[in-house]
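*Asks:* structure for the following, please:
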Amino acid sequence: MLTAPRGRNDFEVAIVCALPLEFDAVALLLDQTWNEKGDRYGRASGDRNRYVTGRMGDTNVVVLLLPKVGKASAARATEGLRFSFPKVRLVLLTGTCGGAPTTADGDEVLLGDVIISKSIVQHDFGRSCPNGFATKDAIEDLLGPLPRDLLSLVVHLETFMGRSQLEARTHSALLALQKAALAQQKASTYDYPGAHQDRLFAADYVHKHDHTTSLTCQSVGCDNAFEIGRERTEAKRQLEREGRDWEAQAPRLHVGRFGSGDMVVSCGKARDRLIEQHNISGFEMEGAGVWGELPCLVIKGVCNYADSHTNKAWRGFAAATAASVTKAFLAEYAKTNAPAPVILDDVEPCWNMESASGAFAMHGGDVHFSDANYPNYRLPRRPAHAESHAVQYRLDAEAVGSRDLADEMNTPAPLVDENQRATSWDLEDWARVESHPSFPQGNASL
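*Replies:* Next up is the predicted model:
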């Protein structure tokens, strides 16, 4: 069992979900949680989000369930996330979506497959014109593309090797998720519904009773003559007949563009029109809100074909496949290496103030911070005459930015001699360190 992170600045990856069903699927794949004894990391002032922290594989993650669906809710929540966890450099928006029946390359997309975003277009953002509604340019053109390291990984997933490796890891994670769900008596929630429940109808054929879309096509008698046959669906049926359901449920991965908007797309003809205009692979409602705040990748399982023939039986399984791809993806995602330490060879021991996990020291008129576990600066020796003033809060090597320090930091650091004293206090969210007038001042915002 690995050691819990020391503070919020140790989290680089966040997973955001729009629905409880999606959140629970992600939670089932956490290898450890850091919230078992309460909220140990807290949140920034003004942030109203509720976080769950844990480890997925060897990656520390912060998981957030949005209070509401939609772009605005996602944007507000991500803004709070950015302040509470300032070192997060990747948000994985994990959940369910509507899918295009085929990709731009002609590959069949089935229910339960997972789409990873390469770009996003906000399909309900634009203006009315004589010829209809004109959508603005793609969001990556307005707010910038994916960071290069993230784009490189996504492009790798478009190769046969990259996709095959991720699909294999995904299948293993999916089996683990379903086993964990069984242990928590949630087995049916994330079970594979079966190929017989995966039905695609012609785009212009509306659900038999368009005001009762909650009812299945079988129960309302949708005409089988309008159903479109699919090779992959038939292959899955054959596996099921052979008793190989565990193999039939394995999802396929697709990389493409998401259409994001506050309007649910549930019309086959409207779906096809948007696909033709923007080359969209999946339809969802939160990506545009997150994309503008932090580097974001949308990972969503297909639970319907964005038409009127919605089948709720696929929501849980699609949430499970998306969560499984998320865990598999993190195994591929490169973590940030700790910066190389700067060795201070000639330290003149002036004073030393220790925190729970490190110490400030004055050297050459500068304030430095030493942290044995994650050093930006490493002191070769501790001043022999220095005393300790404990501050029970992790002082970060780059910034000390929390009002939680206010009470503790009003206490002066120990008097080393009559000419050397250091005092620390909270000032506008920053811990400021000043020495005796005979020494230069320094800020602990290194």
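*Asks:* in stretch 47-61, what counts as buried?
*Replies:* The neighbour-count criterion (16 or more other C-beta atoms under 10 Å) identifies 47, 49, 51, 52, 53, 54, 55, 56, 57, 59, 60, 61 as the buried residues of stretch 47-61. Just so you know, the C-beta spots here come from the backbone N, C-alpha and C atoms, and that holds for glycine as well.
*Asks:* any idea how far the last one is from residue 5?
*Replies:* The gap separating residue 61 from residue 5 is 10 Å, by C-beta to C-beta, to the nearest Å.
*Asks:* find residues that contact each of those two.
*Replies:* 11, 53 (C-beta atoms under 8 Å, 6 or more residues apart in numbering).
*Asks:* element containing residue 154, please.
*Replies:* Per DSSP states H and E: residue 154 is located in helix 148-156.
*Asks:* from the contact counts, what lies against that helix?
*Replies:* strand 114-122 (3 or more C-beta pairs under 8 Å, 6 or more residues apart in numbering; DSSP states H and E).
*Asks:* near residue 156, how many other residues are there?
*Replies:* Look at residue 156: counted by other C-beta atoms under 10 Å, it has 15 neighbours.
*Asks:* going forward, begin numbering at 9 instead of 1
*Replies:* Noted, 9 is the first residue going forward, which turns the last one into residue 164.
*Asks:* ok, it - contacts?
*Replies:* Residue 164 is in contact with residue 170, counting by C-beta under 8 Å, 6+ apart.
*Asks:* switch to 10 Å and redo it
*Replies:* Residues near residue 164 by C-beta atoms under 10 Å, 6 or more residues apart in numbering: 170, 171, 173, 174, 263, 340.
*Asks:* residue 78 too?
*Replies:* 26, 268, 269, 270, 271, 293, 294, 296, 297.
*Asks:* now the residues you listed in TSV, with pLDDT, neighbour count and distance to residue 110?
*Replies:* Shown next, in TSV, are the contacts of residue 78 (pLDDT from 0 to 100; neighbours: other C-beta atoms under 10 Å; distance: C-beta to C-beta, whole Å):
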residue	pLDDT	neighbour count	distance to residue 110
26	95	24	25
268	89	30	20
269	86	21	21
270	83	16	26
271	80	11	23
293	88	25	22
294	91	30	24
296	88	28	24
297	90	25	28
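*Asks:* just the residues you listed: which are in helices?
*Replies:* If you go by DSSP state H, these have 296, 297 in helices.
*Asks:* give me the domain ranges for this protein.
*Replies:* Domain segmentation of the chain under automatic domain parsing yields 16-340, 350-451.
*Asks:* and these, which one averages the lowest pLDDT?
*Replies:* Per-segment mean pLDDT for those reaches its minimum on domain 350-451, at a mean of 38.
*Asks:* and of the contacts of residue 164, the nearest to residue 183?
*Replies:* Nearest to residue 183, judged by C-beta to C-beta, of those is residue 174 at 15.3 Å.
*Asks:* buried ones among the contacts of residue 164?
*Replies:* Buried by 16+ other C-beta under 10 Å: 170, 171, 173, 174, 263, out of these.
*Asks:* can you name the helix or strand that the first one falls in?
*Replies:* Going back to what we said before, that points to residue 170. Residue 170 belongs to helix 168-191 when assigned by DSSP H and E.
*Asks:* rewinding a little: ok, which pair from the buried ones among the contacts of residue 164 is furthest apart?
*Replies:* Spatially, the most separated pair among the buried ones among the contacts of residue 164 is 173 and 263, at 13.8 Å (C-beta to C-beta).
*Asks:* identify the contacts common to these two.
*Replies:* 164, 165, 167.
*Asks:* how about the second one, phi and psi?
*Replies:* Put plainly, it is residue 165. The phi/psi pair for residue 165 (degrees, to the nearest 10) reads phi -70, psi -10.
*Asks:* what's the separation between it and residue 42?
*Replies:* 29 Å.
*Asks:* next one: the last one
*Replies:* Plainly put, residue 167 is 35 Å away from residue 42 if you go by C-beta to C-beta.
*Asks:* and if you look at the first one?
*Replies:* For residue 164, the distance to residue 42 equals 31 Å [C-beta to C-beta].
*Asks:* who does the helix or strand containing residue 266 pair up with?
*Replies:* For residue 266, the host element (DSSP H and E) is strand 261-268. When pairs are called by DSSP bridges, strand 261-268 turns out to pair with strand 122-130 (parallel), strand 288-292 (parallel).
*Asks:* hmm, residue 315 is touching residue 273, no?
*Replies:* Yes - using C-beta atoms under 10 Å, residue 315 is in contact with residue 273, at 8.4 Å.
*Asks:* so what sits against both of these two?
*Replies:* When contacts are counted by C-beta under 10 Å, 6+ apart, residue 315 and residue 273 have 106, 279 as shared neighbours.
*Asks:* all set now, cheers.
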